[in-house]
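Colleague: what would the 3D arrangement of this be:
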Amino acid sequence: MQSFRTEIENPVVEKDILDLEKKIRLFREGKADEEKFRSLRLARGVYGQRQSGVQMVRIKLPFGKVTSEQLHRIANVSDEYSKGRLHITTRQDIQIHYVSLDRTPELWAQLEKDDVTLREACGNTVRNITASPTAGIDPNEPFDVSPYAHAVFQFFLRNPICQEMGRKFKMSFSSSDEDTALSYIHDLGFIAKLKDGKRGFKVMLGGGLGSQPRHADELYDFLPAEEIIPLIEGVLRVFDRHGERAKRLKARMKFLLKDIGKEAFMELVAEQKTALSQEEPEFEIERFEAAPALQEVEIPSVEIEDEKEFENWKQTNVFEQKQEGLFAIGIRVPLGDFYTRGARQLADLIKKYAGNELRLTLRQDILIRHVRQDLLPFFYTELKKLGYAEVGYNKTVDITACPGTDTCNLGIASSTGIADVLEDVLKEEYPQFTNGKDITIKISGCMNACGQHNMAEIGFQGMSIKVGKTVAPALQVLLGGGTLGNGKGRFADKLVKVPSKRGPEALRIILNDFEANSEAHEKFVEYYDRKEKTYFYDLLKDLADTSNISENEFVDWGHETPYIKAVGVGECAGVVIDLIATLLFESEEKIDNAKSALERKDWADSIYHAYTSIVNSAKALLLAEDVKTNTQAGIIAQFDELFVETGKIDLATTFKEFAYQLNQHEPSEDFARKYLEDAQLFLNRVDAYRTKEVQNV
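Modeller: A predicted model of the protein is given here:
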């Protein structure tokens with residue numbers, strides 16, 4: 001592959017992109033370890049697909065905010081480097097598929113021209129910061145959470161404390177007690193609150209989905225807004241240092257909290273206080289909360305062919321904003337997939353006739369904001385031409401599904417195929433649920449819950465089922481989950497596993513029973529609680545009987561050939577296999593990063609880069625002795641025991657005291673320079689020891 005010119009004005013971004021290009025070249029030449037290279041590209045939003053030789057690229061869009069210019073840029077990139085399809089995720093990102101690895105640096109460079117990044121969209125990093133799509137326009141919100149979500153995104157992007165954690169870390173900002181950003185399933189979730197006229201947040205800690213969902217703990221009922229970034233930084237430092245790194249399935253924050261408890265965890269967070277960055281958080285409140293300057297445009301003349309259809313669309317897809325005279329329009333995007341032609345036309349619409357902003361939603365949809373009431377008929381006709389005027393935005397018919405076996409390595413059974421079919425069942429047989437608000441249907445292709453199936457009223461999880469000597473695609477049916485508001489939620493119960501082709505019948509049985517036997521105004525979760533789990537198991541258990549399975553049921557939805565269970569190696573936050581030479585080389589890189597941060601006068605960043613170099617160097621020697629550790633704290637303790645106490649490495653103090661100097665000093669130029677010198681000297685000492693050991697073999 002050949003080098004290219006980025007034409008990026010920001011030197012930090014340019015270095016990042018050129019570094020990716022360099023590492024790809026080294027990997028192609030066989031000079032870069034495959035597992036370490038995987039870690040690097042994941043942190044740059046480049047994820048291996050199920051299909052060999054191509055990549056999925058995840059575009060990181062903080063709280064789903066997209067302008068006309070950005071949408072045009074993303075569409076152009078998708079056409080140039082992919083196949084023109086855009087996929088909205090449940091974290092308000094956009095993914096494009098079938099991208100050549102060699103072209104990812106130039107793709108990234110193109111996106112950055114309109115301030116769009118891939119950085120830390122995947123891997124063991126702080127993932128996209130999500131927020132309520134209605135933030136800033138919600139009549140019930142205490143204030144707009146957008147500037148706070150944006151500040152958190154900016155502060156932790158490329159921040160050294162969260163580049164190589166044991167696992168990914170997710171955060172959300174809900175604009176009101178309705179908790180539409182789902183705080184209770186996040187590592188850190190924030191819900192906007194006002195107390196005595198002061199802005200702040202209810203804080204939830206340690207939630208998560210996956211095979212072992214955990215409801216987040218309430219950490220604070222009110223934390224002043226200016227304290228959220230110091231809190232996050234402290235939490236991330238502790239997670240980076242004490243989080244599991246060897247056992248991938250136990251490496252999320254929720255397991256660390258379970259192991260040591262909330263009080264012990266927060267004691268460790270308190271110990272980080274001195275070392276925290278002294279930067280004052282910048283919340284660009286005016287930038288987000290000021291009403292957009294709408295153009296004075298002539299209202300195009302339109303003719304509504306079906307007034308009833310138009311009124312139905314307004315009822316389900318149009319919402320009055322807190323800004324007088326302005327409305328938001330929801331666009332239901334089935335399976336989160338839309339295409340570049342429509343994306344460009346949508347971008348032109350919001351540029352000329354709205355506030356030049358849309359938000360991607362956590363249900364894989366699009367929310368246009370700041371539309372004048374007199375323009376609603378025009379928007380309806382234009383959106384209908386694009387196929388973007390389907391009713392049922394954010395309602396029962398609006399099914400959430402991950403890509404599943406279409407592109408994901410971890411997919412076990414098709415999630416998009418069954419979602420298509422269930423949507424048809426709802427539209428054709430249950431039109432009364434088009435405007436249903438209290439039943440969500442979510443589907444995941446495996447236990448990792450990217451489709452959030454285990455927090456839905458009705459969930460389906462892709463599985464397989466053994467029938468004699470053969471295997472058929474299956475669905476685990478889950479019921480009774482849901483968001484209760486103000487940081488509270490519930491996880492669905494697993495009911496029964498049925499062949500995938502019986503999924504539609506399972507849905508019919510559930511909805512028919514709910515309609516026939518629920519009480520007036522009774523919500524689905526209330527009905528489920530009243531009837532209890534065993535009742536629903538008895539309703540569905542006949543569908544689990546495979547003694548009468550048909551030949552067709554061995555073929556998954558959307559496929560023509562018999563099902564084969566083929567699960568690849570997941571990359572979403574895979575554990576990196578470290579080599580000694582690679583670790584020492586990386587320690588050098590971290591020293592260089594510390595020097596660069598020092599030149600920029602980013603004292604806290606320089607100190608943390610130096611710290612990670614010290615830990616990395618120690619890990620290299622432990623690995624040479626075949627000592628395996630699963631946390632940074634473990635590395636520090638083991639190094640003391642095996643190298644310092646035995647006199648193999650001479651230090652003036654214990655290694656623990658040496659490494660943890662950063663906890664005893666506020667970030668300053670003097671300490672940053674001294675700590676960097678210490679890290680360099682330590683690396684030299686480790687390198688000399690390692691060279692001597694190799695020569696004596």
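
Colleague: where do the helices sit along the stretch 151-300 of the chain?
Modeller: In the stretch 151-300 of the chain, the segments counted as helices under DSSP state H, counting those that start in this stretch are 228-242, 253-260, 262-271, 285-289.

Colleague: what about the ones you listed, which gets the closest to Ala216?
Modeller: Closest to Ala216 of these, according to C-beta to C-beta: helix 253-260, at 8.2 Å. Every residue, glycine included, has its C-beta placed from N, CA and C.

Colleague: touching the closest one from outside, list them.
Modeller: Applying C-beta atoms under 8 Å, 6 or more residues apart in numbering, the set of residues contacting helix 253-260 from outside is 167, 169, 187, 205-208, 212, 214, 217, 239, 242-244, 265, 268.

Colleague: which two of these have the greatest separation?
Modeller: The farthest-apart pair in those, when distances are taken by C-beta to C-beta, is Gln212 and Leu268, at 22.7 Å.

Colleague: more crowded one of the two?
Modeller: Comparing Gln212 with Leu268 by other C-beta atoms under 10 Å, the one with more neighbours is Leu268, at 18 against 15.

Colleague: so where is the chain shaky, pLDDT-wise?
Modeller: Applying pLDDT under 70 to the chain flags residues 1-6, 409, 566-579, 694-697.

Colleague: longest helix in it, please.
Modeller: For the chain, the longest helix by residue count, based on DSSP state H, is helix 669-696.

Colleague: show the buried residues in the contacts of helix 253-260.
Modeller: Those of the contacts of helix 253-260 that meet the buried threshold are 167, 169, 187, 205-208, 214, 217, 239, 242-244, 265, 268, by 16 or more other C-beta atoms under 10 Å.

Colleague: ok so, going back, kindly reformat the helices of the stretch 151-300 of the chain as JSON lines containing distance to Ala679.
Modeller: Converted to JSON lines, these look like this (distance: least, C-beta to C-beta, whole Å):
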{"stretch": "helix 228-242", "distance to Ala679": "16"}
{"stretch": "helix 253-260", "distance to Ala679": "26"}
{"stretch": "helix 262-271", "distance to Ala679": "21"}
{"stretch": "helix 285-289", "distance to Ala679": "38"}
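
Colleague: wait, which of those is closest to Leu642?
Modeller: Among the helices of the stretch 151-300 of the chain, helix 228-242 comes nearest to Leu642, with 19.2 Å by C-beta to C-beta.

Colleague: so what are the domain limits for this structure?
Modeller: Here the chain is described, according to automatic domain parsing, as comprising the domains 11-112, 130-287, 291-385, 400-554, 580-696.

Colleague: measure the third one end to end?
Modeller: This points to domain 291-385. Terminal residues of domain 291-385 lie 29 Å apart, using C-alpha to C-alpha, to the nearest Å.

Colleague: rewinding a little: list just the nearest of the buried ones among the contacts of helix 253-260 to Glu69.
Modeller: Among those, and counting by C-beta to C-beta, the member closest to Glu69 is Phe169, at 29.7 Å.

Colleague: identify the residues contacting the closest one.
Modeller: Thr125, Val126, Arg127, Cys162, Asp187, Leu188, Leu236, Phe239, Met253.

Colleague: one more pass at 7 Å, please.
Modeller: Shown in contact with Phe169 (C-beta atoms under 7 Å, 6 or more residues apart in numbering): Val126, Arg127, Cys162, Asp187, Leu236, Phe239, Met253.

Colleague: of all those, which two lie farthest apart?
Modeller: Spanning the widest gap among those are Arg127 and Phe239, at 13.3 Å by C-beta to C-beta.

Colleague: can you give me the helices for the stretch 501-650 of the chain?
Modeller: Ranges of helices in the stretch 501-650 of the chain, per DSSP H, counting those that start in this stretch, are 503-517, 524-531, 533-540, 580-599, 603-624, 632-639.

Colleague: ok, which of the ones you listed comes nearest Gly53?
Modeller: The closest of those to Gly53 is helix 580-599. By C-beta to C-beta, the value is 24.6 Å.

Colleague: taking helix 669-696 as reference, get the angle to that closest one.
Modeller: 160 degrees (axes from the mean of the first three to the mean of the last three C-alpha atoms, to 10 degrees).

Colleague: which residues touch helix 580-599?
Modeller: Around helix 580-599, the neighbours that count as contacts under C-beta under 7 Å, 6+ apart are 33, 36, 160, 605-606, 609-610, 612-613, 616-617, 619-620, 623-624, 672-673, 676, 679-680, 683, 687.

Colleague: repeat that for stretch 236-243.
Modeller: Outside stretch 236-243, the residues that touch it by C-beta under 7 Å, 6+ apart are 161-162, 165-167, 169, 251, 253, 256, 265, 268-269, 272, 631-633.

Colleague: try 6 Å
Modeller: Under the contact criterion C-beta atoms under 6 Å, 6 or more residues apart in numbering, stretch 236-243 has outside partners Ile161, Cys162, Met165, Gly166, Met253, Leu256, Leu268, Val269, Gln272, Thr631, Gln632, Ala633.

Colleague: make TSV out of the residues you listed and add distance to Pro281.
Modeller: Below are those laid out as TSV (distance: C-beta to C-beta, whole Å):
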residue	distance to Pro281
Ile161	15
Cys162	16
Met165	21
Gly166	26
Met253	22
Leu256	25
Leu268	22
Val269	17
Gln272	16
Thr631	29
Gln632	26
Ala633	28
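
Colleague: out of these, who's nearest Glu428?
Modeller: Met253 (42.9 Å).
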